[in-house]
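Colleague: fold the following for me, if possible:
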Amino acid sequence: MPATTFRERGLCLALTLLTLCGSCIAQELRAEEAPLLLTGNDREQRLVEGARREGEVMLYSAMIVNQALRPLADAFSKRYPFIKVNYWRAESSGIFTKLSAEERAGKVAADVVEGTGVGEAVIQAGFAQPYATPAIEGIPETYRDPHALWTATRRSFFGVGYNTKLVPPGEAPKTYEDLLNPRWKGKMVWHTGSASGADLFVTNLRLKWGEERARDYLAKLATQNVAGLTGTSARGLIDRVIAGEFAMALNIFAHHPLISHAKGAPSQSILMEPVATTVGTMIIPKGLPHPHAAMLLVDFILSHEGQTILANAGYFPTRSDVPTRPDLKPITDALASVSEQFISPEALVQYTPASEQMIGDLFH
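Modeller: Predicted structure coming up:
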């Protein structure tokens, strides 16, 4: 074999090894510079150093400003005074619309995105990226994502909210079958076009009962002339029930009527078996401008202090060591006698389109 061939092969081998080594070095450097996946004893120190350079963080959230977002921001700023906390509040659908536009334009402003329903949409669109936080250890396995694309910030339990002047507590329906009583015809409302409204009501029954039984039940419920409202929030439904426009609202956040009741409103809620349970989630969008500060904020919201702030704001914390606010304990106490069905973000993504179609087919 000619000598030049050996030299050429030797040169090719050297270049190949150099390329592979360079690739390994680049991967190692990227791992060292990736704050979203940092681990180790010096993790917080490295995040703090990076966050000092970044100087700010932006949170998009569906949580109520005065009750939750502002207290969270104030407490976080006390711990990390060198980070300016910005936040923007909207319903989950509005958050997804805004983030989608930013991702398409390549100008992402959000560092952390939080809400009920928005995380699933962001993940499905391919805008989320995995991250690691030691705070996950305080959250039960049930509420963890094996793919590390989301973490659970708050739990939500869904039930039926009713006006106690129109529906005396002793006469309130206790099961889904009770909703078929002719006395409730034309007196019920639910939130259509929302993954946490009518769609979730249907998904919950499909998962528990199976397709045939659920569809048969929903066909009967459709004869009850349930009013479908769009362009309003779950909180807005309860306000209309309190005003007497409807006797009951189906599949609302079960704690909302209790909060209003404590302020003197004629409202209560009841949990029906199975109780649909979801979680609000935090995701990290691709292209975020302040990754170090974002991870510090994620850690804080999931910490005992952050979860206590959410509990005091009227949310159900996901940490096992943070108790529910006393006035909301009737909800968690009721779960001792009715079964809970956790519907994961992945299940919502999988089942919601067909549930929405079923509503369109049966409820005209």
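Colleague: pull the longest strand from the protein.
Modeller: strand 151-163 (DSSP state E).
Colleague: mean confidence for that strand?
Modeller: The pLDDT scores in strand 151-163 average 96.
Colleague: repeat that for stretch 214-233.
Modeller: 93.
Colleague: what residues of it count as buried?
Modeller: Residues of stretch 214-233 classed as buried by neighbour count (16 or more other C-beta atoms under 10 Å): 214-215, 217-218, 221, 224, 226-227, 229, 232-233. (Glycine included, C-beta is placed from N, CA and C.)
Colleague: same question for stretch 274-292.
Modeller: Applying a neighbour-count criterion of 16+ other C-beta under 10 Å, one finds 274-285, 288, 290-292 buried in stretch 274-292.
Colleague: what segments of the chain are helices?
Modeller: Using DSSP state H, the helices of the chain run over 3-33, 43-54, 70-79, 92-105, 118-124, 198-209, 211-222, 234-242, 255-262, 291-302, 304-312, 329-334, 345-362.
Colleague: how distant is the last one from the center of its chain?
Modeller: To tie it back to what came earlier, the one meant is helix 345-362. Offset of helix 345-362 from its chain centre (C-alpha atoms, centre = their mean, to the nearest Å): 17 Å.
Colleague: quick one: stretch 145-163 to chain centroid distance?
Modeller: For stretch 145-163, the distance to the chain centre is 6 Å (C-alpha atoms, centre = their mean).
Colleague: now it - C-alpha only, PDB.
Modeller: Extracted in PDB, the C-alpha atoms of stretch 145-163 (Å, rounded to 0.1, in the frame of the first residue of the first chain):
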ATOM      1  CA  ASP A 145     -43.600  14.800  35.500                       C
ATOM      2  CA  PRO A 146     -41.300  11.900  34.600                       C
ATOM      3  CA  HIS A 147     -40.000  13.900  31.600                       C
ATOM      4  CA  ALA A 148     -39.200  17.000  33.800                       C
ATOM      5  CA  LEU A 149     -41.000  19.400  31.500                       C
ATOM      6  CA  TRP A 150     -43.300  20.700  34.200                       C
ATOM      7  CA  THR A 151     -43.600  20.900  38.000                       C
ATOM      8  CA  ALA A 152     -46.800  21.200  39.900                       C
ATOM      9  CA  THR A 153     -47.400  24.500  41.700                       C
ATOM     10  CA  ARG A 154     -50.900  24.100  43.000                       C
ATOM     11  CA  ARG A 155     -53.700  21.500  43.000                       C
ATOM     12  CA  SER A 156     -57.300  22.100  41.900                       C
ATOM     13  CA  PHE A 157     -60.300  20.100  42.900                       C
ATOM     14  CA  PHE A 158     -63.400  20.500  40.700                       C
ATOM     15  CA  GLY A 159     -67.000  20.200  41.800                       C
ATOM     16  CA  VAL A 160     -70.400  21.800  41.400                       C
ATOM     17  CA  GLY A 161     -71.000  25.300  42.800                       C
ATOM     18  CA  TYR A 162     -74.500  26.300  43.700                       C
ATOM     19  CA  ASN A 163     -76.600  29.200  45.000                       C
END
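Colleague: JSON lines for the buried residues of stretch 214-233, including distance to Ser77?
Modeller: JSON lines is the format used below for those (distance: C-beta to C-beta, whole Å):
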{"residue": "Ala214", "distance to Ser77": "47"}
{"residue": "Arg215", "distance to Ser77": "51"}
{"residue": "Tyr217", "distance to Ser77": "50"}
{"residue": "Leu218", "distance to Ser77": "48"}
{"residue": "Leu221", "distance to Ser77": "48"}
{"residue": "Gln224", "distance to Ser77": "50"}
{"residue": "Val226", "distance to Ser77": "45"}
{"residue": "Ala227", "distance to Ser77": "44"}
{"residue": "Leu229", "distance to Ser77": "38"}
{"residue": "Thr232", "distance to Ser77": "33"}
{"residue": "Ser233", "distance to Ser77": "28"}
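Colleague: quick revisit: for Met248, find the nearest of the helices of the chain.
Modeller: Closest approach to Met248 among these is made by helix 234-242 (6.7 Å; C-beta to C-beta).
Colleague: ok, and what's touching the closest one?
Modeller: Contacting residues not belonging to helix 234-242 are listed as 161-163, 189-191, 194, 196-197, 229, 232, 246-249, 252-253, 256-257, 260, 265-267 [C-beta atoms under 8 Å, 6 or more residues apart in numbering].
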